[in-house]
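Chemist: this is a predicted model, with the sequence first.
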Amino acid sequence: MNSLIQLSYFAAAVLFIMGLKRMSSPVTARGGIVWAGLGMVVATLITFLWPGMHNYAWMTLAIVVGGGLAWYTGKKVAMTDMPQMIAIYNGMGGGAAAAIAAVELLRGDFHAPTFQVLAVAGGLIGSVAFSGSMVAFAKLQGLMKRSLVFSGQQFINLAIFAAALAFGFLLMAADLPSGLNILLFFALALLFGVLMTLPIGGADMPVVISLYNALTGLAVAFEGFVLGNAAMIIAGTVVGSAGTLLTQLMAKAMNRSLGNVLFSGFGSGAAAEGEVAEQGEMKEIDATDAAVMMAYADTVIIVPGYGMAVAQAQHKIWEFVQLLENRGVTVKFAIHPVAGRMPGHMNVLLAEAGVPYDKIFDLEEINNEFEKADVALVIGANDVVNPVARSNPESPIYGMPILNADKAKNVICVKRGKGKGFSGIENALFFLDNTRMLYGSGEAVAGKLITEVKQL
Ligand code: NAP
């Protein structure tokens with residue numbers, strides 16, 4: 001039986017890794033999810049065969065309730081609400097790891113002191129990931145509107161973390177840790193997760209969620225060692241390293257350090273310091289002229305951003321693109337790594353609308369092509385096309401790689417009004433001589449463009 005269990009865990013681990021590999025390209029990503037999901041099914045079912053396992057009814061009930069809720073919410077969630085759903089699911093993983101730690105510490109039956117240390121470390125990390133993810137969820141869901149920032153905050157957070165660590169050391173040192181110490185340890189760790197996340201601006205949450213995702217993976221791997229469960233160790237390590245890489249990728253694409261994301265209160269207004277007021281005025285264009293300009297162009301590059309996701313304009317934009325292509329216009333999509341509110345946000349939306357992958361290009365692949373493009377159509381994107389990131393060392397987004405939409409012969413920017421982007425700063429692109437503003441919600445504007453092109 002033991003060989004069957006270990007073999008199944010090995011199969012589950014192979015499925016996790018193959019699934020993750022397939023997730024690295026939009027072409028195979030959907031299949032990757034299915035592979036990794038299969039791995040999870042194998043790992044879950046084989047648990048029933050563990051020697052000495054009991055409470056089968058409770059286990060089944062937990063799987064039915066958890067699986068049912070996940071199935072229902074997964075089906076219902078809107079694409080724009082995906083980040084908070086990831087936050088809540090991911091937080092549950094951290095919470096589950098912390099719960100395992102609590103049970104093992106209460107039992108106090110560790111094979112070796114190392115396992116006791118790992119249980120405490122996993123408990124601490126899992127609790128922080130759990131409560132922090134819940135705050136991230138509340139912020140993204142709009143349940144918590146303001147970032148709580150007060151003087152001495154970092155010092156208080158540090159003191160609470162130090163207290164949690166102190167209780168952690170007590171738990172590691174005790175033969176049979178006391179129930180009260182276990183309770184205080186977890187209460188402090190959970191409190192730290194909440195307080196650490198409260199000051200972070202809502203729009204930085206995707207980076208924080210990715211960090212908590214990495215922490216959850218680490219906590220699960222630690223608890224896997226405690227339980228002697230190979231699948232947990234491998235899955236946790238894979239999630240931990242993937243989450244770490246993703247966190248780094250996002251921070252790098254915004255040209256910010258992780259410390260700056262966690263401790264600067266970016267996006268809550270303070271970061272707009274150093275901004276220079278833009279000269280000139282924004283010049284408007286109507287849908288008729290914009291449609292004509294694009295219909296008679298040779299090349300159009302479309303830059304989608306967060307506003308396209310809000311407006312759910314991707315289907316209409318794709319319809320518009322097909323009309324342009326029928327007229328012989330070459331159209332490409334340019335995707336910034338942090339366009340929208342989560343990595344791959346735009347790729348997912350465009351894939352959902354049916355845009356073929358060979359029309360979608362990453363920043364490095366397409367940035368040199370803007371100079372030759374007749375029109376750059378910027379729809380709901382703002383920060384990711386702001387040229388001050390190249391030109392103004394004082395700007396909070398200075399150094400962030402941007403899409404060179406400003407270098408196109410003509411730029412058309414679709415947005416509802418004069419709203420700023422996530423960074424809260426003015427966009428120099430909107431004031432350039434070659435830029436025209438096409439005001440309106442993304443979906444409505446795309447609809448008008450379709451009508452106009454059809455009439456040509
Ligand atoms: P953005 O800078 O947030 O700007 C979005 C723009 O969309 C706004 O200026 C808004 O202007 C417009 N908009 C909103 N609703 C719209 C609608 N219904 N129709 C048309 N336009 C609409 O977006 P972005 O250029 O995609 O940049 C993403 C930002 O998020 C970056 O600063 C990035 O660093 C940050 N971020 C991204 C990630 C990630 O993983 N992707 C993670 C963390 C942070 P109006 O109000 O005038 O319409």
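Modeler: On my side now, so go ahead.

Chemist: in what helix or strand does residue 412 lie?
Modeler: strand 410-415 (DSSP states H and E).

Chemist: so in this structure, which helix runs the longest?
Modeler: Counting by DSSP state H, the longest helix found in the chain is helix 113-140.

Chemist: still on that earlier bit, the strand holding residue 412 near the ligand at all?
Modeler: Yes. Using C-beta under 6 Å from any ligand atom, we find that strand 410-415 touches the ligand at 414-415. No exception for glycine: its C-beta is placed from N, CA and C like everyone else's.

Chemist: just the CA trace of the helix or strand following that strand, in PDB.
Modeler: Tracing the chain C-terminally past strand 410-415 and defining elements by DSSP H and E, one meets strand 435-439 next. The C-alpha trace of strand 435-439 is given here as PDB (Å, rounded to 0.1, in the frame of the first residue of the first chain):
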ATOM      1  CA  THR A 435      -2.400  62.200 -29.800                       C
ATOM      2  CA  ARG A 436      -6.100  62.500 -30.100                       C
ATOM      3  CA  MET A 437      -8.500  61.600 -27.200                       C
ATOM      4  CA  LEU A 438     -11.600  59.500 -28.100                       C
ATOM      5  CA  TYR A 439     -13.800  59.800 -25.000                       C
END
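
Chemist: pLDDT of strand 435-439, averaged?
Modeler: Averaged across strand 435-439, pLDDT comes to 97.

Chemist: that one packs against which elements?
Modeler: helix 287-295, strand 410-415 (3 or more C-beta pairs under 8 Å, 6 or more residues apart in numbering; DSSP states H and E).

Chemist: just the buried residues of it, please?
Modeler: By 16 or more other C-beta atoms under 10 Å, the buried positions in strand 435-439 come out as 435-439.

Chemist: up against the ligand, what does the protein have?
Modeler: Residues of the chain lying close to the ligand by C-beta under 6 Å from any ligand atom are 203-204, 206-207, 250, 254, 305-307, 310-311, 338-343, 345, 380-384, 414-423, 441-442.

Chemist: residues in contact with residue 170?
Modeler: 177, 181, 185 (C-beta atoms under 8 Å, 6 or more residues apart in numbering).

Chemist: do residue 51 as well
Modeler: Neighbouring residues of residue 51 by C-beta under 8 Å, 6+ apart: 1-2.

Chemist: which helix or which strand is home to it?
Modeler: Element membership of residue 51 [criterion: DSSP H and E] is none; it lies in no helix or strand.

Chemist: do the same with residue 88
Modeler: helix 82-107.

Chemist: quick check: residue 175 touching residue 109?
Modeler: No. Shown here, residue 175 and residue 109 do not form a contact pair, counting by C-beta atoms under 8 Å, at 10.5 Å.

Chemist: only the buried subset of the residues of the chain next to the ligand, as a PyMOL command please.
Modeler: Command for PyMOL, covering only those of the residues of the chain next to the ligand found buried under the criterion 16+ other C-beta under 10 Å:
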select buried, resi 203+204+206+207+250+254+305+306+307+310+311+338+339+340+341+342+343+345+380+381+382+383+384+414+415+421+422+423+441+442
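
Chemist: circling back to that earlier point, partners of the strand holding residue 412, with directions?
Modeler: Applying DSSP bridges to the sheet, strand 410-415 is found paired with strand 375-379 (parallel), strand 435-439 (parallel).

Chemist: now these as TSV including distance to residue 450?
Modeler: Compiled in TSV, the strands paired with strand 410-415 are given as follows (distance: least, C-beta to C-beta, whole Å):
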stretch	distance to residue 450
strand 375-379	13
strand 435-439	14
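
Chemist: for residue 46, which of those is the nearest?
Modeler: strand 375-379 (47.8 Å; C-beta to C-beta).

Chemist: compute the inter-axis angle for that closest one and helix 287-295.
Modeler: 130 degrees (axes from the mean of the first three to the mean of the last three C-alpha atoms, to 10 degrees).

Chemist: buried residues in the next helix or strand along the chain from strand 375-379?
Modeler: For strand 375-379, the following helix or strand on the C-terminal side (DSSP H and E) is helix 388-391. Of all the residues in helix 388-391, those buried under the rule 16+ other C-beta under 10 Å are 388-390.
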